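Undergrad: Turn this into a model:
(one chain, ligands or ions: 1)
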Amino acid sequence: MLRHGLQVTRVFCQTVLHTVSARPLRSAILRLIPRTALLPWLSSRAVSVSEWPLLSSPPRDYSLPNPSWSTEMRRLYEYYDSLCEKEMEGGEKKPGGWGRLPSYNRTLKYAAGGKCLSKLLKEKARLFTRNTEEQGAAFEYVVFMNKSEKRCVCIFQAGHLLEGPPGNVHGGAIATIIDTSLGTLAGYLSGIVMTANLNINYCSPIPLGSVVLIDSVLDKVEGRKTFVSCQVTSSDGSKLHTEATGNAVAGLPIPRQSQHATLKKKMSNTHRHLKHTFHGRLNPSFAYFKVCFPC
Ligand SMILES: CCCCC/C=C\C/C=C\C/C=C\C/C=C\CCCC(=O)SCCNC(=O)CCNC(=O)[C@H](O)C(C)(C)COP(=O)(O)OP(=O)(O)OC[C@H]1O[C@@H](n2cnc3c(N)ncnc32)[C@H](O)[C@@H]1OP(=O)(O)O
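TA: Down below sits the predicted model:
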């Protein structure tokens, strides 16, 4: 009798596991667990995009200090971090106006649409500036945003894979980190943007391994266009390495009528996915993009 009961239970469990896909099952499990039980786990991470702590590990936030960071990089990080708004004891917020932006190695799965990309390509796609796991090898950077000043500061340490002229950083790598800084600022202020125009003056070479500051500001907004500019200086601000101006155009190109419904559906799916992923909580990277993407 007992053996028969166990067999029935086993068959029932196997059927359930075969017919219910992992996602709804996870959602069901999540619904069974009170939110409050998850909160300590969630709040122990600056930003977590993990849906479920036991089934997937949280993605790495590349903008946090790692052993490859030089003393100067850490000093600057700690300086800007000390200016950031933080919860103090008693729930009060320490005013500061600054906030650190988290950074992951993938642009948001759904935001790019990626109609023409194969599934495989989409799986393999990685954010250009975060595509090596070797710490300190390429772009080590963190962006601090000041919304009220409409300004951001990127602390950048250039790794050995970024060499251009012997011992110095490649001009394309400098353009990349400038585009990232300006694009992040424009995106933070105007929503999803594409860089339309970027003008760069290279004033003095950046030694490989050194730490520089990219200080970006908003110049003006004209309709869909957000004009931004930046200066790249040595970490103490004494030497000007590069200066640039850029124009980012906000909003998606207007789709043809026939594509409109598909796009609308895609965007609402994205929204639903994000709401689900973040348990409906506003995430710092959300605050900076209507549809979030990491810097
Ligand atoms: C769902 C999409 C998500 C997209 C997410 C995008 C980026 C996220 C990426 C990474 C996230 C990680 C880090 C964030 C940091 C950095 C982001 C890096 C950003 C990039 O690395 S991004 C790649 C390089 N980027 C391109 O690949 C753009 C190719 N291009 C186009 O996609 C179109 O060209 C577009 C959209 C720019 C405009 O197209 P459109 O059809 O929407 O608008 P239209 O042409 O009507 O121009 C409207 C007004 O902009 C003026 N205008 C246009 N082009 C101009 C130019 N070149 N110079 C000066 N002004 C220009 C016009 O004169 C007009 O001005 P006005 O209104 O006054 O007449």
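Undergrad: alpha carbons only for contacts and neighbour counts from here, please
TA: Noted.
Undergrad: Doesn't Pro58 belong to a strand?
TA: No - secondary structure of Pro58 (DSSP: H, G, I helix; E, B strand; the rest coil): coil, not part of a strand.
Undergrad: what ranges do the strands span in the stretch 151-295 of the chain?
TA: For the stretch 151-295 of the chain, the strands defined by DSSP state E, counting those that start in this stretch occupy 151-158, 193-202, 211-222, 225-234, 240-250.
Undergrad: Can you say which of these is nearest to Lys119?
TA: Among those, the nearest to Lys119 by C-alpha to C-alpha is strand 193-202 (23.4 Å).
Undergrad: Flag every buried residue along the closest one.
TA: The neighbour-count check on strand 193-202 (16 or more other C-alpha atoms under 10 Å) flags Val193, Met194, Thr195, Leu198, Ile200, Tyr202 as buried.
Undergrad: Equivalent analysis for stretch 149-161, please.
TA: Going by 16+ other C-alpha under 10 Å, stretch 149-161 has these buried residues: Lys150, Arg151, Cys152, Val153, Cys154, Ile155, Phe156, Gln157, Ala158, Gly159.
Undergrad: Distance of the fifth one relative to Ser210?
TA: Distance, Cys154 to Ser210, using C-alpha to C-alpha, to the nearest Å: 14 Å.
Undergrad: How about the second one?
TA: Computed with C-alpha to C-alpha, the distance linking Arg151 and Ser210 is 23 Å.
Undergrad: repeat for the first one
TA: From Lys150 across to Ser210, the span is 27 Å (C-alpha to C-alpha).
Undergrad: Just put the buried residues of stretch 149-161 in CSV and tack on pLDDT.
TA: Formatted as CSV, the buried residues of stretch 149-161 follow (pLDDT from 0 to 100):
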residue, pLDDT
Lys150, 96
Arg151, 97
Cys152, 97
Val153, 98
Cys154, 98
Ile155, 98
Phe156, 98
Gln157, 98
Ala158, 98
Gly159, 98
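Undergrad: now for the residues you listed, which pair is the farthest apart?
TA: Lys150 and Gly159 (28.7 Å).
Undergrad: Columns distance to Cys84 on top of the strands of the stretch 151-295 of the chain, output as CSV?
TA: As requested, the strands of the stretch 151-295 of the chain are exported to CSV (distance: least, C-alpha to C-alpha, whole Å):
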stretch, distance to Cys84
strand 151-158, 12
strand 193-202, 25
strand 211-222, 16
strand 225-234, 21
strand 240-250, 26
